[in-house]
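>>> fold the following for me, if possible:
(chains A and B)
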Number of protein chains: 2
Amino acid sequence: MPDARPRRLDVLVEKLTASHIDGLLVTSLPNIRYLTGFSGSSALLIATTREAVLITDFRYQTQVADEVGSTARIAIEPQSLWAGLWQQLAQLPQMQVIGFEAAHLMHRDFQRLVEQGSRWQWRPTNDLVESLRERKDPDEIARIERAAEVATRALARTLESVHAGMSELEVAGVLEKALRDEGSEGFPFPSIVASGPRSALPHARSSSRRLEPGDFLLLDFGAEVGGYCSDLTRTVVVGKATEEQRSVYEIVRGANERASAGVRAGMSGRDADALARDYIQQRGYGEQFGHSLGHGVGLEVHEAPRLSRTAEDALPAGAVVTIEPGIYRPGWGGVRIEDDVVLDPAGPRVLTDFTRELIELG
Amino acid sequence: MPDARPRRLDVLVEKLTASHIDGLLVTSLPNIRYLTGFSGSSALLIATTREAVLITDFRYQTQVADEVGSTARIAIEPQSLWAGLWQQLAQLPQMQVIGFEAAHLMHRDFQRLVEQGSRWQWRPTNDLVESLRERKDPDEIARIERAAEVATRALARTLESVHAGMSELEVAGVLEKALRDEGSEGFPFPSIVASGPRSALPHARSSSRRLEPGDFLLLDFGAEVGGYCSDLTRTVVVGKATEEQRSVYEIVRGANERASAGVRAGMSGRDADALARDYIQQRGYGEQFGHSLGHGVGLEVHEAPRLSRTAEDALPAGAVVTIEPGIYRPGWGGVRIEDDVVLDPAGPRVLTDFTRELIELG
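Numbers count the residues shown, from 1 in each chain, chains lettered A, B, ... in the order given. Below is the predicted model:
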């Protein structure tokens, strides 16, 4: 497969030219990874209409050469990345107006631009690289699909051994080991293993609480393959489900199914959100679905586009988004069912192939 | 034990008064956790000379009440934290000059202050809360010590089952499961499991490379207990060590021992760094120790103070710092030995109790 990075830089350069800027200072590490392949935790990238220069430090000397190859010129900076930036910029010809990423530059560092970089004009930009990242190419979709497979296989192995009496932390340990054994490069976010009343906390992490018979058990986690994330949630019952549990579960399942089948490229994020929200609202649980339906997934586990009540923009073809409706009743418990869906021009395709039937453990 | 949070807010208020500001907008989540106890991933805190107001969203409604109690007034904001900020600020009397955290506010959000918050004067501040966090109280040290115990116990269990043929990712899975089983609430940073030539990459993550007899195996990871982190590195040999491996290892061990025993509150970060650096330099490996000696550990795994060639400030009593000298030879391998040390007024005390003798596995 041809290397996509030079093309990505070319598309960015078109955007720079259209914005009348001579270059972009890229400070977002996922944006740097997207453009150059570099996966380290310390870097600045200058992308100009003529060339790209990646500045990093000693610790990444070997790694950066392997990862970036000839996509960008590499500068190893012994003291500070900012010292390296001034040095590199001074050598670049015809640079006057330079964009920076307003959502990824701390005020303190903005002050550096204004003070130490006063010989250039600095212009705030928004989403120049993020808007490229929204539409995934086939190689990116393949990586997310592999990350989805790692996640579903790890979940299947985990549910085989989960039982009442285990702590949420122990369940997380079994799940995370299964993710590693299946090849996950990392954990895109802290695993959520939430049982009983804690399943009603939409952003619980994992605690020392022990599973009890009759608990809901909510697992929300992801895998990482080739730098790309998956994001998967299933809610099961430890033992036999009550009628009430089953009835709430089936509403969430219906909402997930309706949205996963109905979401389309070209639809607004708001209309996509409404596919699930209207369904839940009509069944009397609108107030208990307090978050948005989903978000893009890629190099980051939360990225553009958004699927929410306030998202006016059309969803682009090639985006991979989560569909994750939920119902949360404080003190009683909660259910969330989340899948990753690629918006093919032909229609949505679910990447997370794992049953949505209610599982009763043990 | 009395609740430390009201006292922390009191000390902060003294600093605000001394800086002639009426309040501080706290945007750093670890700083918010330190001051209020809130551990969620979405919040703004306004700390004024009269009261503290914590703004968060729906997802944390139940959790925030449990964690924060009466330490701060809680505002749940349905739309955006910033909308909540303007609403709360408008109700606070006698607010004119408000500080913000220059190192923890994105340029985009700074623009909000200037545009939507133009009726207040906004002043950049640096390290107001971080400087409080440098000195740990006994409860904080106890949490870090428990996190250190979790890490050392998990490492002992892991090394029992590691053998040639396992992949680095599989080793990471065993290690992370052991961390969970021992009670770790999370992983402070992506575990580094680096074998053979990859041990020479100071910031490797974990890969699918399989361990071979004779490899160095470097494990750098942490645990989290009560929100506080530990950070531990050991390097072992898979099978029998060569003379050359043993000789490099013993130099790093000597440097670790010298710095762990010699570091003192009141010493500059530079002088602490020199304890290990001079030792390694005298033995001919100065160029191969390319990073700094260490950093503070607490709510974050990297925080103040720094132990490096450029750190002029005196190390405060009560700080917990890492001591992590290393020698890296590209293509051959690397050794790092890292401990967490609390700077008691009486002298340094090592919290990570795990042998520093060279271990030859299997």
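>>> okay, CA-based contacts and neighbour counts for the rest of this
Will do.
>>> for the one helix or strand residue A:170 maps to, name the packing helices and strands.
Here residue A:170 sits within helix A:168-181, counting by DSSP states H and E. With contacts taken as 3 or more Cα pairs under 8 Å, 6 or more residues apart in numbering or on different chains; DSSP states H and E, helix A:168-181 sits against helix A:138-161, strand A:192-195, helix B:168-181.
>>> what lies in contact with that helix?
With contacts defined as Cα atoms under 8 Å, 6 or more residues apart in numbering or on different chains, helix A:168-181 is touched by A:150-151, A:154-155, A:157-158, A:162, A:186, A:191-195, A:206-211, A:223, B:169-170, B:172-174, B:176-181, B:183-185.
>>> can I get stretch A:225-244 in PDB, CA atoms only?
Provided in PDB are the C-alpha atoms of stretch A:225-244 (Å, rounded to 0.1, in the frame of the first residue of the first chain):
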ATOM      1  CA  VAL A 225      -3.700  -1.400  16.800                       C
ATOM      2  CA  GLY A 226      -1.300   0.500  14.600                       C
ATOM      3  CA  GLY A 227      -2.000   3.600  16.600                       C
ATOM      4  CA  TYR A 228      -5.800   3.400  16.000                       C
ATOM      5  CA  CYS A 229      -8.400   2.900  18.600                       C
ATOM      6  CA  SER A 230     -11.600   0.900  19.100                       C
ATOM      7  CA  ASP A 231     -14.200   1.700  21.700                       C
ATOM      8  CA  LEU A 232     -16.700  -0.900  22.900                       C
ATOM      9  CA  THR A 233     -19.300  -1.200  25.600                       C
ATOM     10  CA  ARG A 234     -21.500  -4.100  26.600                       C
ATOM     11  CA  THR A 235     -23.700  -4.500  29.700                       C
ATOM     12  CA  VAL A 236     -24.400  -7.900  31.100                       C
ATOM     13  CA  VAL A 237     -26.200  -9.300  34.200                       C
ATOM     14  CA  VAL A 238     -24.400 -11.300  36.800                       C
ATOM     15  CA  GLY A 239     -26.800 -14.200  37.200                       C
ATOM     16  CA  LYS A 240     -30.500 -13.900  36.200                       C
ATOM     17  CA  ALA A 241     -31.900 -10.600  35.000                       C
ATOM     18  CA  THR A 242     -35.100  -9.200  36.500                       C
ATOM     19  CA  GLU A 243     -38.000  -8.200  34.300                       C
ATOM     20  CA  GLU A 244     -37.200  -4.600  34.900                       C
END
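>>> what does the helix or strand residue A:112 falls within rub up against?
Assigned by DSSP H and E, residue A:112 belongs to helix A:107-116. In this structure, residues lying in contact with helix A:107-116 by Cα under 8 Å, 6+ apart are A:86, A:122, B:102-107, B:110.
>>> of these, buried ones?
A:122, B:102-107, B:110 (16 or more other Cα atoms under 10 Å in any protein chain shown).
>>> check what pLDDT residue A:59 gets.
Residue-level confidence at residue A:59 comes out at 81, pLDDT.
>>> just to check, it is in contact with residue B:200?
No: Residue A:59 is not in contact with residue B:200 according to Cα atoms under 8 Å; the separation is 9.3 Å.
>>> between those two, which is the more surrounded one?
Neighbours around residue A:59 and residue B:200, counted as other Cα atoms under 10 Å in any protein chain shown, are more numerous at residue B:200. The numbers are 26 against 22.
>>> got a list of what the more buried one touches?
With contact taken as Cα under 8 Å, 6+ apart, residue B:200 is in contact with B:327-335.
>>> does residue A:320 have beta-bridge partners, and which?
residue A:342 (DSSP bridges).
>>> quick one on the thing from earlier: of the contacts of helix A:168-181, grab the buried ones for ChimeraX.
Per 16+ other Cα under 10 Å, the buried members of these correspond to this ChimeraX selection:
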select /A:150,151,154,155,158,162,186,191,192,193,194,195,206,207,209,210,211,223 /B:169,170,172,173,174,176,177,178,179,180,181,183,184,185
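>>> residues contacting residue A:254?
Listed by Cα under 8 Å, 6+ apart, the contact set of residue A:254 reads residue A:279.
>>> how close does it get to chain B?
Using Cα to the nearest Cα, to the nearest Å, residue A:254 is found at 22 Å from chain B.
>>> tell me the secondary structure for that residue?
Assigned with DSSP: H, G, I helix; E, B strand; the rest coil, residue A:254 falls in the helix class.
>>> how deep is whichever residue of the stretch 201-350 of chain A sits closest to chain B tucked in, by neighbour count?
With Cα to the nearest Cα, the shortest gap between the stretch 201-350 of chain A and chain B falls at residue A:202, namely 5.5 Å. When neighbours are counted by other Cα under 10 Å, residue A:202 registers 26.
>>> so it sits right up against residue B:59, yeah?
Yes: taking contacts as Cα under 8 Å, residue A:202 lies within contact range of residue B:59: 5.5 Å.
>>> which phi and psi does the most centrally placed residue in chain A have?
In chain A, the residue lying closest to the centroid (Cα atoms, centre = their mean) is residue A:301, at 1.4 Å. Main-chain torsions, residue A:301, degrees, to the nearest 10: phi -80, psi -20.
>>> and if you look at the one 5 residues further on?
When read as degrees, to the nearest 10, the backbone of residue A:306 gives phi -100, psi 150.
>>> nearest residue to residue A:94 other than its sequence neighbours?
residue A:22 (7.7 Å; Cα to Cα, 6 or more residues apart in numbering or on different chains).
>>> isn't that neighbour up against residue A:100?
No: between residue A:22 and residue A:100 there is no contact under Cα under 8 Å: 11.3 Å.
>>> how far does the worst-scoring helix or strand of chain A on mean pLDDT sit from its chain's centre?
Least confident element among the helices and strands of chain A, by mean pLDDT, DSSP states H and E: helix A:61-68 (a mean of 89). Mean-position distance between helix A:61-68 and its chain equals 24 Å (Cα atoms, centre = their mean, to the nearest Å).
>>> stretch A:80-95 now?
Computed by Cα atoms, centre = their mean, the chain-centroid distance of stretch A:80-95 equals 32 Å.
>>> average model confidence for it?
Computed over stretch A:80-95, the average pLDDT equals 94.
>>> what does that stretch rub up against?
If you take Cα under 8 Å, 6+ apart as the criterion, stretch A:80-95 is touched by A:22-23, A:43-44, A:53, A:55-57, A:75, A:77, A:116-117, A:120.
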